[in-house]
Every structure is written in C-alpha cells, then in structure tokens.
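S.K.: Whatever this is, show me its structure:
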Amino acid sequence: MSIEENAKKLSEIKETFQLLSDSLDMISYLIDIGKKSHNMSDQEKTNDNIISGCTSKAWIIVSQLCDDEYYIKTDSDSHIVSGLLYILCLSINNQSKDYISSINAIDILHSIGLDGKITSQRTNGFLSAVQTLKERIN
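M.R.: Purely as a prediction, here's the structure:
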C-alpha cells in the first residue's frame, strides 16, 4: 500500500475508535484488526525477527524498498498485539529512515485514541516494537 492508502486506512481505524466509548469495545475492535493481520509464515517467525521486550511472541521483518524508504512485516501470537503491530505498519510503511527515526510510539497510540486504553504491558510491547524497528534501520 502507498503512504496515502496507509493514511486512509489508519484514519478509518481512528474514526472507528472514536465511535467506541467503551474500552472493552476498543479492545474487541483491536482484536478484530489483529485477527486479519497475521501475515508471516512460520518460516519467518525466527529468533532473528523476534521483538524483544514484548510479553507476547511478536516478530518484525524490516525491508528497505528503494533509496530511503522502508517496509515492515509483523506478526504476533496475540491478536491484540497483531492489531497494534498492524497500526504500526500503517504508520510507517513506505516512509523514510528520518521519518521512522523521529516517530514516537505514544504519539501513534494517542493519535488513534488508544493511549490509556490498553494495558501497560501492551504499551511497553508497542514501545519495544518501535525501538526494535529503529534499531534495525540504523
């Protein structure tokens, strides 16, 4: 997907979260997103691709597309984490190294309405995923 398509999908997710007033409904929606976003084969789920610091098992593959643009592929054994990682993908795929280096994980969660709605363990896992991404592009 292009940056514009990613932004549109992220906007749709944000709008849906805004319609949901109950935290449990938000988590249910995040789980639905996660169920649809498992996209790694078992062969790709290696220790080299693991995201350290995540309570659930989670993986990330970082690919450089052209020049300075990057693409990530993610997965987790948890639907909630898969949903969060999908949001990360939409936030950074096809973006530059400078853009990715400057992102703030909490700002991403805040922008879609999830800050304070997920557990500290999930938030810390999301922070770890962003940190792992930044380390792998440098």
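S.K.: the strands in the protein, which residues?
M.R.: In the chain, the strands defined using DSSP state E lie at 58-64, 69-76, 95-96.
S.K.: any idea which residue of this structure is furthest from its center?
M.R.: Most distant from the centre of the chain: D67, at 22.7 Å, with distances by CA atoms, centre = their mean.
S.K.: and that residue, what are its phi and psi?
M.R.: Per-residue torsions, D67: phi 50, psi -100 (degrees, to the nearest 10).
S.K.: returning to that earlier point: closest one to N6 among the strands of the chain?
M.R.: Nearest to N6, of all the strands of the chain, is strand 95-96, at 8.8 Å by CB to CB. Where C-beta positions appear, they are placed from N, C-alpha and C, glycine not excepted.
S.K.: which stretches of this protein aren't confidently modelled?
M.R.: Filtered on pLDDT under 70, the chain yields no residues whatsoever.
S.K.: all helices for it, in order.
M.R.: With helices called from DSSP state H, the chain shows them at 3-19, 23-36, 79-92, 97-102, 105-112, 120-137.
S.K.: that older thread, any chance of the strands of the chain in CSV, with distance to G125 and mean neighbour count too?
M.R.: Converted to CSV, the strands of the chain look like this (distance: least, CB to CB, whole Å; neighbours: other CB atoms under 10 Å):
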stretch, distance to G125, mean neighbour count
strand 58-64, 7, 18
strand 69-76, 9, 21
strand 95-96, 21, 17
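S.K.: Take those strands and lay them out in JSON lines including distance to K45.
M.R.: Compiled in JSON lines, the strands of the chain are given as follows (distance: least, CB to CB, whole Å):
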{"stretch": "strand 58-64", "distance to K45": "5"}
{"stretch": "strand 69-76", "distance to K45": "7"}
{"stretch": "strand 95-96", "distance to K45": "24"}
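S.K.: Figure out which of those strands is closest to K14.
M.R.: Set against K14 and scored by CB to CB, the strands of the chain come closest in strand 95-96, at 17.7 Å.
S.K.: strand partners of the closest one, parallel vs antiparallel please.
M.R.: strand 69-76 (antiparallel) (DSSP bridges).
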